[in-house]
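Undergrad: With the input below, show me the fold.
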Amino acid sequence: MPTVVITGANRGLGLEFVRQYLAESWNVIACVRQPSPALTGLQEHGQLTIHPLELVDPEALAAFASSLGDRPVDVLLNNAGTMGRGSFATEGLTPFQFGTSNAGEWAEVFHLNVFVPMKLAELLVDNVAASEWRRIVTLTSMLGSMELNTLGGLYAYRASKAAVNATMRSMAIDLAPRGIIAVPIHPGWVKTGLGGDKAPLEAPEAVAGVRSVIASLTPENAGRVLSYAGEGMPW
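TA: Here you go, the predicted structure:
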C-alpha cells in the first residue's frame, strides 16, 4: 500500500488526514511534537506510525529522514503551520494588525510555514522519487493571495503563505525531471482551532477534497496554487 508522511497530525486537518488515509488502507507516518490521545487512539485502526518530532529542530528533521532509510514515500504532506501569537479563531484580525509586528514572531512563522516544508522536501526527495505516486504537497491559504487580500492584517501569515507558494513553484520546476509533482493546496476556510467556528467547511469535507486533488494531480498541475475543489487560485 502507498505511504504518506503527514506533519502536524495531532488535531484539526492533520488528524483528519490521518483518519482518512488510514480508512483507505494507506501506511501513515504521522509527525507530531507530542502525540495526542486522539492520534494514538487511531493506531488500532490501521498502519499508523507516530514520530514525535520537533519540526523546527534541523537535527531532529535529519534524524527523522534518516530513520526512514530508503523507504518510498508516495505523498509528503506538509500540513503543520502557524499564524504566530494570538488566535484568529477567537480574536480575528486584532492581534495581527499594522503596528504590532516583531522580528521574532516573523522568524517563527516563516520557519515553520516555509523553511520546514522546504527542508523536509530536500531530506525526503529520494524517498518520494522512489515511490509510485511521487507527490510533495504543502497546505497553503487563500490569505497568501495578493489579489484576494481585501482585509489587510495577518502580515506574517499572509507573507509566509505567499512565500511557500513561490517555494513550491520553484520546487515543481526543479523536481519535474525526477517525476515528482509539487503543489501548494488551499484546503478552504475550515472549522479548526486555526479557522474558528465561523468557517463554512468541516474538516472531513476539506480533507476529502484535498485528497481528491492529490490523487488526480498531473504534471501540468505542478507548481500551481490549487483549491481543495481542484480549481486554480490567483496569487
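Undergrad: Show me which parts of the helix or strand harbouring Glu205 are buried, residue by residue.
TA: Using DSSP states H and E, Glu205 sits within helix 203-216. Buried positions in helix 203-216, judged by neighbour count with 16 or more other Cβ atoms under 10 Å: 203, 205-207, 209-211, 213-214. (Glycine included, C-beta is placed from N, CA and C.)
Undergrad: Can you list the low-confidence ranges for the chain?
TA: Low-confidence segments of the chain (pLDDT under 70): 86-93.
Undergrad: can I assume Ala60 sits in a strand?
TA: No: residue state for Ala60 (DSSP: H, G, I helix; E, B strand; the rest coil) corresponds to helix; a strand is not indicated.
Undergrad: Closest one to Trp189 out of the buried residues of helix 203-216, please.
TA: Ala206 (8.7 Å; Cβ to Cβ).
Undergrad: So the closest one is in contact with Leu13, correct?
TA: Yes: Ala206 lies in contact with Leu13 (Cβ atoms under 8 Å); the separation is 6.6 Å.
Undergrad: what touches both of the two?
TA: Listed as contacting both Ala206 and Leu13 by Cβ atoms under 8 Å, 6 or more residues apart in numbering are 187, 190.
Undergrad: which residues touch the helix holding Glu205?
TA: So helix 203-216 is contacted by 12-13, 16-17, 20-21, 75, 77, 135, 137, 139, 185, 187-188, 190-192, 226-230 (Cβ under 8 Å, 6+ apart).
Undergrad: Where strands are concerned, which of those residues count?
TA: Cross-referencing the contacts of helix 203-216 against strands under DSSP state E gives 75, 77, 135, 137, 139, 185, 226-227.
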